[in-house]
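**Q** this one's sequence-less:
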Ligand SMILES: CC(C)(COP(=O)([O-])OP(=O)([O-])OC[C@H]1O[C@@H](n2cnc3c(N)ncnc32)[C@H](O)[C@@H]1OP(=O)([O-])[O-])[C@@H](O)C(=O)NCCC(=O)NCCSC(=O)C[C@@](C)(O)CC(=O)[O-]
């Protein structure tokens, strides 16, 4: 089977990864993390989230972080926005891309953004129009595309329906997210193929959490059907505040190690990502949740 020659990795650690941390992480540390990831060669870094600080307090420093990061021309620095208030903040912070985030599960939509799927699409309509007007990239994320912590199974047609609605809003890219990391490879292929019937495959991405240890297998399964954009989190940071028990995103170090072995180009410096993973893990006072990252660190120490 032919796999893509090149893959885009969207590094989501500074946003998806850190948003769930209980202790407030100083802006200095967040800025240094983003700068290290920029130096490692990522073309797209999710750096901020302009949501209600009452709902997700860890992201309250997003404007400061965006103001202080060292931007490299050509790199897309993304910000999550749930509504126009978030959009205005992202615009002021000079985000290159805004990310609207819906769900394929009604129950999760209510818990995460306090409205139904249909209501969320209505809120996003205004955000999408504003993003286009300001020449910003627009990304749409679909949480719980393969299982929901409240509803359980999620029909593939619910995913297809949200893909259609986000496409109609003009999304440049659509993320298919396994928020709670329950999916397995064949299921992933079915969902990706169904989504690709609604939206160009080359602009669909896979966003996998690793709760059940399936994320790398799910990425490989996605590569087999031609997906070439993946999200991952340095040091395996993360977990969703509205998906209790879900672990972080698949670790970037593990994904890069696998892709390198497969001969798939990413343009990213693996060693610098390992350094960034060790940096943030030492700040958080725990080991990275990355087999490859920790293996390289142990080898270096020896
Ligand atoms: C959507 C809302 C705001 C609705 O929350 P709400 O309470 O229904 O909204 P509201 O309009 O009634 O506003 C309530 C208060 O929040 C303020 N507010 C309102 N909007 C903003 C804003 N943008 N920025 C700052 N403040 C805001 C607003 O001004 C008001 O302040 P108050 O008058 O009480 O002082 C809320 O539910 C929220 O912020 N949710 C955030 C949820 C979140 O961030 N979840 C995690 C990210 S999703 C994720 O991680 C999954 C993903 C994408 O990675 C993919 C995957 O793995 O699934």
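**A** The structure has been received and is ready for your questions. Just so you know, these numbers come straight off a predicted model, no measurement behind them. Residues are numbered from 1 along each chain as shown.
**Q** where's the spatially closest residue to residue 94 that is not a sequence neighbour relative to the ligand, distance?
**A** Excluding the flanking residues, the one nearest residue 94 by CB to CB, 6 or more residues apart in numbering is residue 66, at 6.6 Å. Heads up, the C-betas are built off the backbone N, CA and C, glycines and all. According to CB to the nearest ligand atom, to the nearest Å, residue 66 stands 14 Å off from the ligand.
**Q** what packs against the helix or strand containing residue 66?
**A** Under the criterion of DSSP states H and E, residue 66 resides in helix 62-68. In terms of contacts (3 or more CB pairs under 8 Å, 6 or more residues apart in numbering; DSSP states H and E), helix 62-68 is packed against helix 27-40, strand 44-49, strand 76-80, helix 84-92.
**Q** returning to that earlier point: ok, now which ones touch the residue nearest to residue 94?
**A** 47-48, 77, 79, 93-95 (CB atoms under 8 Å, 6 or more residues apart in numbering).
**Q** Show the buried residues in those residues.
**A** Among the contacts of residue 66, those that count as buried by neighbour count (16 or more other CB atoms under 10 Å) are 47-48, 77, 79, 93, 95.
**Q** and the residue nearest to residue 281 when sequence neighbours are not counted, how many neighbours does it have?
**A** Spatial nearest neighbour of residue 281, excluding adjacent residues (CB to CB, 6+ apart): residue 288 at 4.2 Å. Residue 288: 26 surrounding residues under other CB atoms under 10 Å.
**Q** cool, residue 279 as well?
**A** 17.
**Q** Then residue 277?
**A** With other CB under 10 Å as criterion, residue 277 counts 31.
**Q** what's the helix or strand for it?
**A** helix 270-284.
**Q** So which other helices or strands are in contact with that helix?
**A** helix 27-40, helix 252-262, helix 291-301.
**Q** Quick one, which of these gets closest to the ligand.
**A** Nearest to the ligand, of all the helices and strands packed on helix 270-284, is helix 252-262, at 14.8 Å by CB to the nearest ligand atom.
**Q** now the angle between helix 27-40 and the closest one, please.
**A** Angle of helix 252-262 versus helix 27-40, following axes from the mean of the first three to the mean of the last three CA atoms, to 10 degrees, is 10 degrees.
**Q** next one: helix 252-262 to chain centre, how far?
**A** Centroid separation for helix 252-262 versus its chain: 17 Å, with CA atoms, centre = their mean, to the nearest Å.
**Q** Just the mean pLDDT for it, thanks.
**A** Averaged across helix 252-262, pLDDT comes to 98.
**Q** Not counting its own residues, what contacts that helix?
**A** 3, 7, 9, 11, 13, 216, 219-220, 223, 230, 232-236, 266, 268, 270, 273-274, 277, 288, 290-293, 296.
**Q** Which positions within the longest helix seen in the chain qualify as buried?
**A** Longest helix in the chain by number of residues, with DSSP state H as the criterion: helix 117-133. Buried residues in helix 117-133, counting neighbours by 16+ other CB under 10 Å, are found at 117, 120-121, 123-124, 127-128, 130-131.
**Q** Strand partners (parallel or antiparallel) of the helix or strand that that helix is followed by?
**A** Per DSSP H and E, the first helix or strand lying C-terminal to helix 117-133 is strand 137-143. Strand pairing for strand 137-143, using DSSP bridges, gives strand 97-103 (parallel), strand 173-178 (parallel).
**Q** Thank you kindly, that will do.
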